[in-house]
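[1] after the sequence you'll find the predicted model.
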Amino acid sequence: CLEATFGKLVTQWNSFTNCGVRHIQDPVTHTITLDQDDYCKSIKKMTVANLRTLPADTVVSSETYEQYRSLRGAVAYTLLTRADVAVYVVALQRTQENNTKLLHIKALNTIVHRLHNVSHKLVYKPFNRRQSAVFLARCDSAFKREDDSGHALKGIIILRIEELENGTLRPGNRICHVIDFVSKRLRHVTRSTFSSECFAVCDGADYCLLLRQIAHEFSRGPLSAAEARRLREGDLRSPVQVSVATDAMSLFQAVTAIHVRVPAETSLLSHLQYLRELLDKQILASFYWLDTRDMVADGLTKGSVDRNSLTLACSGTMSTSHEVQQWKSKQGQIVRSSTDSAPSLFATTAAAVLSTVNVRSQSAPKPTQRSLSTTSKLAKVVNERDRALEHGQDFDRQHTEFFKIHTPKNEGEDEHMASQEDPELLQDLCDDTS
């Protein structure tokens, strides 16, 4: 019946184009590739009289603006696969008829030139073995103070990654699948970089909650409204693991502190508590801090940064080259990943310090002058040892003995130290070692 109305049905295997997006599957490796190269090459640049001779800040006419808006919409359609130009398109979408200038037309033509000459694909490689669903949202933001307001941009890229060994993200390359990416203006009032980073991570967590429910229903079947509510509130466990990552150390420390404190912008307290609640209830499996050089989402918020890491992630490989810090609520410690197989000094010290705070009684005596000097010296020794290990230098034997003596090794020693040390000093020790 359909062929009688619409003509003969054409079946295509391994390669077809739908709505401008070309889908290709390798019959041997089963790798799937998505691109819009043919669509990009069909886009034509704008031609405006005296474009090169007129001043760049000249406001365009209404007729020219309509052509500009039409071309801008055609370029925006490439964001189905072209994450590398997302931040530029978002910047041009801020202009309206009364403030569009010739420099915006030149910028738009430059984007079209890149679309013509630089290929960008989304590659989905098969995992090495059957994997459970593990998703990681890398969140970043950019904040710029303007004359009349503060402009904040969020960049979020959600990756499905291979199941992590021991649940810990370590430096190296691993297969990843780009599920979604977003480059968009923050709709909240932002006054600082800290607030914009906080809002970006909160939005990334919201994306993950929806994705978690969808993936959960894939594996366990449809959920009723009551079951979906229990899943959201953490009362229903799911095999789907979702985590968020940021490159803002200040935000990472604020969320993972022993007691979440009121930030300088008091209105952000509820947002910090929201993230902490998701972690405490195991709705979010982990919270990561990544080096800025490993933050893939940087290319979604900044126009001048290198886009190699973003392109690499879109091509199916997530690369982590620098140190990673991970926080899980039930572990009560930060795990510092490195290329060494031996446990890090920071993880051992943080675990001892945090366990000390947990067992401390409310009726413990005030810290003495001796305990204050011991804590300060221990913090100094920890910092010196970290620097020595990072540079491959030997550590002084006397300091090593001091560290062994004053680091608790069992439950009895933990209780002894808890009666001598102050929680705030121990928290400062954690901050110093980070």
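    Received it, and whenever you're ready, just let me know what you need.
[2] chain neighbours aside, what residue packs nearest to Leu79?
    With sequence-adjacent residues excluded and distances taken as Cβ to Cβ, 6 or more residues apart in numbering, Leu79 is closest to Ala86, at 5.4 Å. Where C-beta positions appear, they are placed from N, C-alpha and C, glycine not excepted.
[3] helix, strand or coil for the one you found?
    What DSSP: H, G, I helix; E, B strand; the rest coil gives for Ala86 is helix.
[4] where does the stretch 301-434 of the chain have low pLDDT?
    331-434 (pLDDT under 70).
[5] so Ile179 versus Asn166, what's the distance?
    24 Å (Cβ to Cβ, to the nearest Å).
[6] give me the more crowded residue out of the two.
    It is Ile179, of Ile179 and Asn166, that has more neighbours when counted by other Cβ atoms under 10 Å, with 16 against 6.
[7] what about stretch 79-98, average pLDDT?
    Averaged across stretch 79-98, pLDDT comes to 93.
[8] let me fix that: stretch 221-241
    Across stretch 221-241, pLDDT averages out at 93.
[9] how far away from the center of its chain is the host helix or strand of Gln213?
    In the assignment (DSSP states H and E), Gln213 maps to helix 193-220. Put simply, helix 193-220 sits 11 Å off its chain's centre (Cα atoms, centre = their mean, to the nearest Å).
[10] which residues are in contact with the residue nearest to the spatial centre of the chain?
    Centroid check for the chain by Cα atoms, centre = their mean gives Arg138 as the closest residue, at 1.6 Å. By Cβ atoms under 8 Å, 6 or more residues apart in numbering, the residues touching Arg138 are 156-159, 204, 244-245, 290, 295-297.
[11] tabulate these (JSON lines), appending pLDDT.
    What follows is these, written out as JSON lines (pLDDT from 0 to 100):
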{"residue": "Ile156", "pLDDT": "96"}
{"residue": "Ile157", "pLDDT": "96"}
{"residue": "Ile158", "pLDDT": "96"}
{"residue": "Leu159", "pLDDT": "95"}
{"residue": "Gly204", "pLDDT": "95"}
{"residue": "Val244", "pLDDT": "96"}
{"residue": "Ala245", "pLDDT": "96"}
{"residue": "Leu290", "pLDDT": "94"}
{"residue": "Met295", "pLDDT": "92"}
{"residue": "Val296", "pLDDT": "92"}
{"residue": "Ala297", "pLDDT": "93"}
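[12] just send those back as CSV, with secondary structure, neighbour count and distance to Ser309 too.
    As requested, those are arranged in CSV below (DSSP: H, G, I helix; E, B strand; the rest coil; neighbours: other Cβ atoms under 10 Å; distance: Cβ to Cβ, whole Å):
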residue, secondary structure, neighbour count, distance to Ser309
Ile156, strand, 26, 15
Ile157, strand, 30, 10
Ile158, strand, 22, 16
Leu159, strand, 22, 12
Gly204, helix, 29, 17
Val244, strand, 28, 18
Ala245, strand, 28, 13
Leu290, strand, 24, 11
Met295, coil, 24, 8
Val296, helix, 28, 5
Ala297, helix, 30, 9
